[in-house]
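Chemist: next one to model:
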Amino acid sequence: PHGGTLAFYPSADPLRALLAESSAVPDTFQLPQAPGSAAEWTALATRMAANLWAQSWPMWLDAVQLQYTADAECPWWLWANARAIPLAISEADAWQLMAMTAGGPVSIFGEWTGELLRPLTAWSDADRWAATGVVG
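Modeler: Predicted coordinates:
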């Protein structure tokens, strides 16, 4: 595996970057710990305020659980610290993610649209999931 240093494009909300320097990552590399739920929502609010014209913003949540409901408009939700978060996820991706988590906690990274979270990747100690379907 490889790691590196990123050079971010100037912006009020710097999200785009180029790889400035590449290096090998030791075998013992671990992802950094996710910010706490309150810290992530605060960071999200700051990113949204810094870039009002963006249509989505990155979001990283830890120890969340996927849940299916009978709601026809939005059947898939995440539960995080007694907060329900609606998901924009394809049916196939949702069931694959549910199978991977077996109803247990998982870390999720995705795009917050202001109303829905579009999961892009999820991981637990044992496995990793990546979205394959595109949801509008």
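
Chemist: I'd assumed A92 was in a helix, is it?
Modeler: Yes: A92: assigned to a helix according to DSSP: H, G, I helix; E, B strand; the rest coil.

Chemist: and it, how far from W60?
Modeler: Distance, A92 to W60, using C-beta to C-beta, to the nearest Å: 23 Å. Using the backbone N, CA and C atoms, a C-beta is placed for each residue, glycine as well.

Chemist: who's more crowded, these two?
Modeler: Between A92 and W60, counted using other C-beta atoms under 10 Å, the more crowded position is W60 (16 against 11).

Chemist: show me what the more buried one is bridged to.
Modeler: Following DSSP bridges, W60 is listed with bridge partners F109.

Chemist: surely it meets W112?
Modeler: No: if you go by C-beta atoms under 8 Å, W60 and W112 don't touch, sitting 10.2 Å apart.

Chemist: in stretch 117-130, what counts as buried?
Modeler: Using 16 or more other C-beta atoms under 10 Å as the burial criterion, the residues of stretch 117-130 that qualify are L117, R118, P119, A122, W123, W129.

Chemist: now stretch 44-62
Modeler: L44, R47, W57, M59, W60, L61, D62.

Chemist: so, low pLDDT: which residues of the protein?
Modeler: 1-3, 25-37, 133-136 (pLDDT under 70).

Chemist: mind listing the helices for it?
Modeler: Secondary structure of the chain (DSSP state H): helices at 37-50, 91-101.

Chemist: run the chain-centre distance for the last one.
Modeler: Centroid separation between helix 91-101 and its chain, computed with C-alpha atoms, centre = their mean, to the nearest Å, is 15 Å.

Chemist: distance check, S56 against L116.
Modeler: 9 Å.

Chemist: contacts only, for P75.
Modeler: Residues near P75 by C-beta atoms under 8 Å, 6 or more residues apart in numbering: Y68, T69, A94.

Chemist: ok, T5 next?
Modeler: L19, A20, E21, S23.
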